[in-house]
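# how would this look folded up:
(chains A and B)
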Amino acid sequence: MIGRIRLLRQLLDPTINLLRPIPVTAWLPLSMIFFGLGPNAAIFLVFLGAFYPILLNTIFGVRSVDVRLIEAAAMLGCSGSAMFRQIVFPASLPSIFNGLRIAHGFAWILIVVGEMTGVPTGLGSVIMDGRTLSRTDLVVTGMIVIGVCGFVTDRIIVVISNRVLQWSPQHHA
Amino acid sequence: MRSAERPQVVIRGVSKRFQVGDGEVEALARIDATIERGAFVCLIGASGCGKSTLLRVVAGFEEPTTGEVLVEGKPVTAPGSDRGMVFQDYALFPWMTVRQNIGFGPRQRQLPRKEVEDIADEFVKLVGLERAANRYPSQLSGGMKQRVAIARVLANNANILLMDEPFGALDALTREQLQRELLQIWTRTRVTIVFVTHSVEEAALLADRVLVMSAGPGRIEGDILIDLPHPRDVSSPEFNAVRRELAHRLTSHMAPARASETVA
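Below is the predicted model:
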């Protein structure tokens, strides 16, 4: 919607772009104050980190929908919300999936950072425990597990996007 | 020709100005024209003479600065399914298969699924794409894409086909074949066709009436009827006479335009 409606974009754009340069890690102390030491703080961070790539890529995708397609659909009797569902949304799917993949990367970083600093559970805290206990094996194992998990989840996104974007020759990774 | 009927399309005093930077460009200067039901009209002119703009006004994509366009007696205010546009760059929906593209119009009318499929299949067959019906547009050649675009508007009950240099991006052989097929479709369905082209040859081959446009600002310079039966023999003397006449009309007003350009 922000992509299609110009007024809305002009209203929201300054806010979005003012908040965006704040590194998500800088939100960490605030999120710990709000949500305390616990998984909620990490969830908030992940949400923040994933939110921007998804939002910005979606806006970009919606804005770059070919006008010809919208004209063609209008001439075939399509309008309003049907236009959004049947033309604008599928046409922006490639960008939305790009956003998802980038967001997934960010989310993964943030979850580990959050666990290392605030949240006393999870892989990140296992690594930190390993550090304090001088257990290099624990640290390295933690890293490998994180790597493998990240890889697997990324593959899952790619597989889904290849299915959904079957029609797009650029999207066969 | 059923001349007693009122013409299907009436263009009345249509002009169009575009805002370009600080200035204004007059793309069309008061155009009056009528188009009869079932006619095959070619709009021909040099690039920038406003022929595509005129077509887009008839389609309802652009609003005229003055004047109006009447289709079946009703003024055009927005794009409608009675006027199907075929774009040079096809504008097919890339995430839909050939069959889904063709069935898009009927689906918008909320017809039952079965009926939508039947209509789609019928028009897939009309343009001879049965074997490619489940392919995506990225897997088609240019000629096949343009066939889909034509079928897509015909499937939507368009009775006026607006074609904006539809075969301009195709190679010569494919173009010839599509021209033949278009003529067959036209004779079979009796839709009205308004066809924009800059090719004298193409206009002489297809149209039964040619409107010659001139640029700066665009206006209709000549209105020529071509009374040759289809299919036309491109090597016959009659065809050559028509082609010469068109070329002459097209260039006769371009020469002074060019002269005034150099003066300015």
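# is it true that B:Asp233 touches B:Phe239?
Yes - counting by CB atoms under 8 Å, B:Phe239 is a contact partner of B:Asp233 at 6.1 Å. Glycine gets a C-beta too; all of them are placed from N, C-alpha and C.
# these two - which one has more neighbours?
Using other CB atoms under 10 Å in any protein chain shown as the criterion, B:Asp233 and B:Phe239 rank with B:Phe239 on top: 17 against 10.
# ok, the more buried one - contacts?
Going by CB atoms under 8 Å, 6 or more residues apart in numbering or on different chains, B:Phe239 touches B:Ala204, B:Leu205, B:Leu228, B:Arg232, B:Asp233.
# what is the helix or strand the first one falls within packed up against?
When elements are assigned from DSSP states H and E, B:Ala204 belongs to helix B:200-206. In terms of contacts (3 or more CB pairs under 8 Å, 6 or more residues apart in numbering or on different chains; DSSP states H and E), helix B:200-206 is packed against strand B:40-44, helix B:172-189, strand B:192-197, helix B:237-252.
# just the buried residues of it, please?
By neighbour count on 16 or more other CB atoms under 10 Å in any protein chain shown, the buried set for helix B:200-206 is B:Val200, B:Glu202, B:Ala203, B:Ala204, B:Leu205, B:Leu206.
# so how far is the host helix or strand of A:Ile160 off the chain centroid?
Element membership for A:Ile160, per DSSP H and E: helix A:136-164. Offset of helix A:136-164 from its chain centre (CA atoms, centre = their mean, to the nearest Å): 16 Å.
# same thing with stretch B:19-30?
Between the centre of stretch B:19-30 and the centre of its chain there are 23 Å (CA atoms, centre = their mean).
# follow-up on the earlier one: just put the helices and strands packed on helix B:200-206 in CSV and tack on mean pLDDT.
Formatted as CSV, the helices and strands packed on helix B:200-206 follow (pLDDT from 0 to 100):
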stretch, mean pLDDT
strand B:40-44, 93
helix B:172-189, 91
strand B:192-197, 94
helix B:237-252, 88
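# what's around A:Ile160, how many residues?
Residues near A:Ile160, counting by other CB under 10 Å, number 12.
# that one and chain B, how far apart?
With the distance defined as CB to the nearest CB, to the nearest Å, A:Ile160 ends up 15 Å from chain B.
# equivalent analysis for A:Val65, please.
From A:Val65 to chain B the distance is 11 Å (CB to the nearest CB).
# the residue lying closest to that residue once chain neighbours are set aside: neighbouring residues, count only.
Of all residues beyond its chain neighbours, the one nearest A:Val65 is A:Ala91 (4.4 Å), with distances taken as CB to CB, 6 or more residues apart in numbering or on different chains. Residues lying near A:Ala91 (other CB under 10 Å) number 20.
# element containing A:Ala91, please.
According to DSSP H and E, A:Ala91 maps onto helix A:89-117.
# could you give the separation of that helix from the chain centroid?
Counting by CA atoms, centre = their mean, helix A:89-117 comes out at 3 Å from the chain centroid.
# quick check: angle from it to helix A:136-164?
170 degrees (axes from the mean of the first three to the mean of the last three CA atoms, to 10 degrees).
# wouldn't B:Gly67 be in contact with B:Val10 here?
No - assessed by CB under 8 Å, B:Gly67 is found out of contact with B:Val10, at 10.2 Å.
# stretch B:73-83 close to chain A?
Yes - Stretch B:73-83 reaches chain A (CB under 8 Å from any CB of the partner chain) through B:Ala78, B:Pro79, B:Gly80, B:Ser81, B:Arg83.
# go through these and flag which are in strands.
Of these, the ones assigned to strands by DSSP state E are B:Arg83.
# one step back: buried residues in the helix holding A:Ile160, which are they?
For helix A:136-164, by 16+ other CB under 10 Å, it's A:Leu138, A:Val139, A:Gly142, A:Ile146, A:Gly150, A:Ser161, A:Val164.
# the first one: what's it in contact with?
A:Leu138 makes contact with A:Val126, A:Ile127, A:Asp129, A:Gly130, according to CB under 8 Å, 6+ apart.
# narrow these to those that are buried.
For these, buried by 16+ other CB under 10 Å: A:Val126, A:Ile127, A:Gly130.
# what residues are up against the nearest residue to the first one once chain neighbours are set aside?
Right, A:Val126. Spatial nearest neighbour of A:Val126, chain neighbours left out: A:Gly142 (4.9 Å); criterion: CB to CB, 6+ apart. Residues in contact with A:Gly142 (CB under 8 Å, 6+ apart) are A:Leu123, A:Gly124, A:Val126, A:Ile127, A:Gly130.
# so can I have a markdown table of these showing pLDDT and secondary structure?
Formatted as a markdown table, the contacts of A:Gly142 follow (pLDDT from 0 to 100; DSSP: H, G, I helix; E, B strand; the rest coil):
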| residue | pLDDT | secondary structure |
| --- | --- | --- |
| A:Leu123 | 79 | helix |
| A:Gly124 | 78 | helix |
| A:Val126 | 81 | helix |
| A:Ile127 | 82 | helix |
| A:Gly130 | 83 | helix |
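# of those, just say which sits nearest to A:Glu115.
A:Gly124 (2.7 Å; CB to CB).
# residues contacting that closest one?
Counting by CB under 8 Å, 6+ apart, A:Gly124 makes contact with A:Ile111, A:Val112, A:Val113, A:Gly114, A:Glu115, A:Met116, A:Gly142.
# same thing but at 10 Å, please
By CB atoms under 10 Å, 6 or more residues apart in numbering or on different chains, the contact set of A:Gly124 is A:Ala42, A:Leu110, A:Ile111, A:Val112, A:Val113, A:Gly114, A:Glu115, A:Met116, A:Thr117, A:Gly118, A:Gly142, A:Ile146.
# ok, and the closest non-adjacent residue to it?
A:Glu115 (2.7 Å).
# burial check on A:Ala82, number of neighbours?
Neighbourhood size, A:Ala82 [other CB under 10 Å]: 14.
# tell me which residue of the stretch 151-264 of chain B lies closest to chain A.
The stretch 151-264 of chain B approaches chain A most closely through B:Asn156 (5.4 Å), counting by CB to the nearest CB.
# quick one: secondary structure of that residue?
Under DSSP: H, G, I helix; E, B strand; the rest coil, B:Asn156 falls in the coil class.
# which residue is nearest the middle of the chain?
No chain specified, so I'll use chain A. A:Ala103 (2.4 Å; CA atoms, centre = their mean).
# you looked at the wrong chain, it should be chain B
Central residue of chain B (CA atoms, centre = their mean): B:Met163, 2.2 Å from the mean position.
# mind checking the SS state of that residue?
Three-state call for B:Met163 (three-state DSSP): strand.
# does it touch B:Arg83 like I think?
No - between B:Met163 and B:Arg83 there is no contact under CB atoms under 10 Å: 11.2 Å.
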